[in-house]
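>>> have a look; sequence and predicted model below, questions after that.
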Amino acid sequence: MRLLFCGTPEFAVPALKTLLETGFSIELVVTNPDEPRGRGYEPAPPPVKKVALEAGLQVFQPARLKDAATQAFISNFQPDAIVVVAYGHIIPPWMIGLPQLGCINLHASLLPKYRGAAPIAWSIIQGERITGVTTMKIDAGLDTGDILLQREVEISDSDTGESLSSRLSVLGADLIVETLRKLELGQIGPRPQDDLQATLAPMLKKEDGRIDWSWTAEEISRRVRGLRPWPGAYTTFRGKGLHVWSAVPVAPESRDALEPGTLVATPRQLLVACGQATLLHVKELQLQGRRRMPAPDFLNGVRLAAGEKVGP
């Protein structure tokens, strides 16, 4: 089977590698342009490009898929299918109609739940216990195409956006291979999504990471986990930014409600009062301009005043 592969970040790498390992012919890899990164802002290739070049594959990095030159170049290929994994661009109609078997997208949720750019983060933030991966035929909508195959996975209390993404990318890579083989043999009957069951997972914004201490400790803990690595969960302390890297809810010793955001320090623990008389145990944090550190190290470097708060 001749394929075009469209993908950009680390999440797409296992799918590309697995397709190569299982003998699929990838005629072209389409990925985002290199972007300036690091202190020197030197152009850095996306992870998919690195893997593709190491495998000797042809790489194409258009800024836009709507450009006539881009359409003409890609249309020269005659793929049986186009595989799309976290590419970062809306696939235009001309490209959807190019391959015989269609454009096959790997989405990191159990569609129709969590349509959109950030399904992994929002599934954790919303407290889901089960998520998974879906292969679907791309249509003109946003993750609205017919479902091909799905696989479930549990979300643990320790999962972060990073750890769940890693697991789903590997599971999804195998599902892509299974989907392509069954499509070729006519063993899959695509099924429409139930729009009434759809939920959205919009693109993350920096502001999504701002902690509202009136939320419960459980809600804040899920946001801390779900928003790793970006934008992260953050607040302020003494006028400086404070990034919370790891935190878990704990049972309060009393039901006396402290004002949300109030810090409660013990010799080895940093607790923060949250909404509904709940407490958050902050385990790892990073003050603006400082290194990431365990909370006890942070407490050794500051002298907390009685009733001191984080936030607004």
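Structure received. Residues are numbered from 1 along each chain as shown.
>>> tell me the contacts of L168?
Under the criterion of CB atoms under 8 Å, 6 or more residues apart in numbering, the contact partners of L168 comprise 11, 108, 120, 131-133, 153. (Each C-beta comes from the backbone N, C-alpha and C, glycine too.)
>>> quick one: list the elements packing against the helix or strand bottoming out on mean pLDDT in the chain.
When each helix and strand of the chain is scored by mean pLDDT, DSSP states H and E, strand 35-37 comes last, with a mean of 89. Here strand 35-37 is seen to pack against strand 42-44 when contacts are counted using 3 or more CB pairs under 8 Å, 6 or more residues apart in numbering; DSSP states H and E.
>>> give me the contacts around the strand it packs on.
Taking contacts as CB under 8 Å, 6+ apart, the residues outside strand 42-44 that touch it are 34-38.
>>> pull out the buried members of the residues you listed.
In these, burial by neighbour count holds for no member, counting by 16 or more other CB atoms under 10 Å.
>>> I90: which of those is nearest?
Of all the contacts of strand 42-44, E35 has the smallest distance to I90: 19.0 Å, by CB to CB.
>>> now do the SS call for E152.
Of the three states, E152 takes strand according to DSSP: H, G, I helix; E, B strand; the rest coil.
>>> which residues touch the least confident helix or strand of the chain?
42-44, 46.
>>> D195 versus the nearest residue to P119 once chain neighbours are set aside, what's the distance?
Excluding the flanking residues, the one nearest P119 by CB to CB, 6 or more residues apart in numbering is S109, at 3.7 Å. S109 sits 15 Å away from D195, taking CB to CB, to the nearest Å as the criterion.
>>> looking at the two, which is more packed in?
Neighbour count, other CB atoms under 10 Å: between S109 and D195, S109 has more, with 24 against 10.
>>> follow-up on the earlier one: state the phi and psi torsions of the residue nearest to P119.
Backbone geometry at S109, expressed as degrees, to the nearest 10, gives phi -160, psi 170.
>>> and it, what pLDDT?
Taken from the predicted model, the pLDDT recorded for S109 is 98.
>>> check which residues of the helix ranked longest in the chain are buried.
Among all segments of the chain classified by DSSP state H, the helix with the greatest residue count is helix 161-184. Neighbour counts over helix 161-184 (16+ other CB under 10 Å) mark 161, 163-165, 167-169, 171-173, 175-180, 183 as buried.
>>> same check, this time on stretch 4-11
Taking 16+ other CB under 10 Å as the basis for neighbour counts, the residues of stretch 4-11 that come out buried are 4-11.
>>> CA atoms only: put that stretch into PDB for me.
Written as PDB, here are the backbone C-alpha positions of stretch 4-11 (Å, rounded to 0.1, in the frame of the first residue of the first chain):
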ATOM      1  CA  LEU A   4       1.400   9.800   2.300                       C
ATOM      2  CA  PHE A   5       2.000  10.500   6.000                       C
ATOM      3  CA  CYS A   6       1.100  13.900   7.500                       C
ATOM      4  CA  GLY A   7       2.300  14.500  11.100                       C
ATOM      5  CA  THR A   8       4.400  16.900  13.100                       C
ATOM      6  CA  PRO A   9       5.000  16.400  16.900                       C
ATOM      7  CA  GLU A  10       6.400  13.500  19.000                       C
ATOM      8  CA  PHE A  11       2.900  12.000  19.200                       C
END
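>>> distance from that stretch to the middle of the chain?
Using CA atoms, centre = their mean, to the nearest Å, the distance from the centre of stretch 4-11 to the centre of the chain it belongs to is 13 Å.
>>> span of stretch 62-77 from start to end?
With CA to CA, to the nearest Å applied, stretch 62-77 spans 16 Å between its terminal residues.
>>> average pLDDT for it?
Confidence over stretch 62-77 (mean pLDDT, whole number) is 96.
>>> so which bits of that stretch are buried?
Neighbour-count burial for stretch 62-77, counted by 16+ other CB under 10 Å, picks out 62, 65, 70, 74, 77.
>>> list the contacts of the fourth one.
Same thing as I74. Counting by CB under 8 Å, 6+ apart, I74 makes contact with 4, 28, 30, 60, 65, 95, 98.
>>> quick one: which of the contacts of L168 is nearest to H281?
Distances from the contacts of L168 to H281 were compared by CB to CB; the smallest belongs to I120, at 24.1 Å.
>>> that closest one in helix, strand or coil?
For I120, the reduced secondary structure class is helix; criterion used: three-state DSSP.
>>> give me the number of residues near it?
If you count neighbours by other CB under 10 Å, I120 ends up with 25.
>>> hmm, S163 and it touching each other?
No - with contact defined as CB atoms under 8 Å, I120 does not reach S163; the gap is 9.9 Å.
>>> kindly export the helix or strand where S221 lies (C-alpha atoms) in CSV.
Here S221 sits within helix 217-226, counting by DSSP states H and E. Extracted in CSV, the C-alpha atoms of helix 217-226 (Å, rounded to 0.1, in the frame of the first residue of the first chain):
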residue,chain,number,x,y,z
ALA,A,217,-8.4,20.4,45.2
GLU,A,218,-9.4,17.5,42.9
GLU,A,219,-10.2,19.9,40.1
ILE,A,220,-6.9,21.8,40.5
SER,A,221,-5.0,18.5,40.7
ARG,A,222,-6.5,17.3,37.4
ARG,A,223,-5.6,20.6,35.7
VAL,A,224,-2.0,20.4,37.0
ARG,A,225,-1.8,16.9,35.5
GLY,A,226,-3.6,17.5,32.3
